[in-house]
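*Asks:* model the structure of this input:
(one chain, ligands or ions: 1)
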Amino acid sequence: MGAADGYTHDRLCREIELLMKRYPFVVGSSIGKSLVGRELPLLCVGEGERSVLLVGAHHGMEGMTSLLVMRYLAEYCLAVEENRRIAGIDAALLFGRRRVMAVPMLNPDGIELQCRGCDPKNPLTDRLLAMSGGDFGRWQANGRGVDLNHNYNAGFAEYKAQEAALGIRGGGATRYAGEYPESEPETAALCGLIRTTDIAMLTALHTQGEEIYADYNGYYPPGGRVIAGRMAALSGYRVARPEPAACFGGLKDWFILAYDRPGFTVECGLGRNPLPLREAEGIYARIRRLLLASPLMV
Ligand SMILES: [Zn+2]
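*Replies:* Residues are numbered from 1 along each chain as shown. Prediction:
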């Protein structure tokens, strides 16, 4: 997997600039910076009082999900501009009733490592090389070996107790939860945004599996089960439960636990990570109705 096929932070920033130039109603800002200092952009579209949040790319091999978020915003913005319906949704109505917020790429450092390997100027190079054995092709964690989607405060202690049994002894390519919840700048920035914004519903995009997860350890928040079913009907994906080790410490887990509101993980596409970017358009075709219609379900 060469750099040419990767959807990296550089590419995201270029596309954000183009989107904002093209559609003046897109409001861009940043929720903070990654460990290495990359901006974590936030894009907002719409004037509704109720906000929904879409988050892409928690994981190094899942840069495609950033592309999917950008593809969605581009299609939605065009429909707003042209004042027409898309996927059965009146774009102007959605724009007036909801504020769609998107953090397209939460883990730019991990994606950079996965796509391009370790930059020798990075002060953590020696540690990262020791963690990875020099091969970052299957890197999921952030820029210091913490798996961001295990770093939220939901069952954190229970997960830490299992780490040794899972063979996890410290930072690495995947599944290390970090020393404490929100220890990483990326998760702390995102939780900060959520704490200071009234978010009615949250959806995190991952690859892969064509599945939707909507519960925390078997618990569904009000509306969660029904909305998941409607998302499944719109995408052809199935509502499922993640494997036990993936049950704790995730963003939707924390959101459900902390706010008792609908939170979802959508596992986009099918195959072996990293999915090739040439599949993105076909994957987008499957999830576009889910993404366009779900903000109005809450
Ligand atoms: Zn993932």
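
*Asks:* where do the strands sit along the protein?
*Replies:* Using DSSP state E, the strands found in the chain span residues 27-33, 39-45, 50-55, 85-86, 89-90, 98-103, 199-207, 211-213, 238-239, 263-268.

*Asks:* can you list contacts of the fourth one?
*Replies:* Strand 85-86 has contacts (Cβ atoms under 8 Å, 6 or more residues apart in numbering) with 75-76, 79, 91, 292. Bear in mind the C-beta positions are built from the backbone N, C-alpha and C, glycine included.

*Asks:* try 6 Å
*Replies:* With contacts defined as Cβ atoms under 6 Å, 6 or more residues apart in numbering, strand 85-86 is touched by Ala79.

*Asks:* pull up the pairing partners for it, direction included.
*Replies:* Strand 85-86 pairs in its sheet with strand 89-90 (antiparallel), by DSSP bridges.

*Asks:* could you give the average pLDDT over the partner strand?
*Replies:* Across strand 89-90, the average pLDDT comes to 94.

*Asks:* pretty sure Gly143 contacts Asp109?
*Replies:* Yes. Gly143 lies in contact with Asp109 (Cβ atoms under 6 Å); the separation is 3.2 Å.

*Asks:* which neighbours do those two have in common?
*Replies:* By Cβ under 6 Å, 6+ apart, Gly143 and Asp109 have these common neighbours: 35-36.

*Asks:* show me what contacts Thr203?
*Replies:* 54, 264.

*Asks:* what of Met61?
*Replies:* Met61 is in contact with 114, 140, 273-274, counting by Cβ under 6 Å, 6+ apart.

*Asks:* chain center to stretch 233-250, what's the gap?
*Replies:* What separates the centre of stretch 233-250 from the centre of its chain is 14 Å, taken as Cα atoms, centre = their mean, to the nearest Å.

*Asks:* give me the buried positions along it.
*Replies:* For stretch 233-250, the neighbour count (16 or more other Cβ atoms under 10 Å) marks 234-235, 237, 239-240, 242, 246-250 as buried.

*Asks:* dump those residues to JSON lines, plus distance to the ion.
*Replies:* Output for the buried residues of stretch 233-250, formatted as JSON lines (distance: Cβ to the ion, whole Å):
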{"residue": "Leu234", "distance to the ion": "21"}
{"residue": "Ser235", "distance to the ion": "17"}
{"residue": "Tyr237", "distance to the ion": "15"}
{"residue": "Val239", "distance to the ion": "18"}
{"residue": "Ala240", "distance to the ion": "14"}
{"residue": "Pro242", "distance to the ion": "10"}
{"residue": "Ala246", "distance to the ion": "9"}
{"residue": "Cys247", "distance to the ion": "14"}
{"residue": "Phe248", "distance to the ion": "14"}
{"residue": "Gly249", "distance to the ion": "12"}
{"residue": "Gly250", "distance to the ion": "9"}
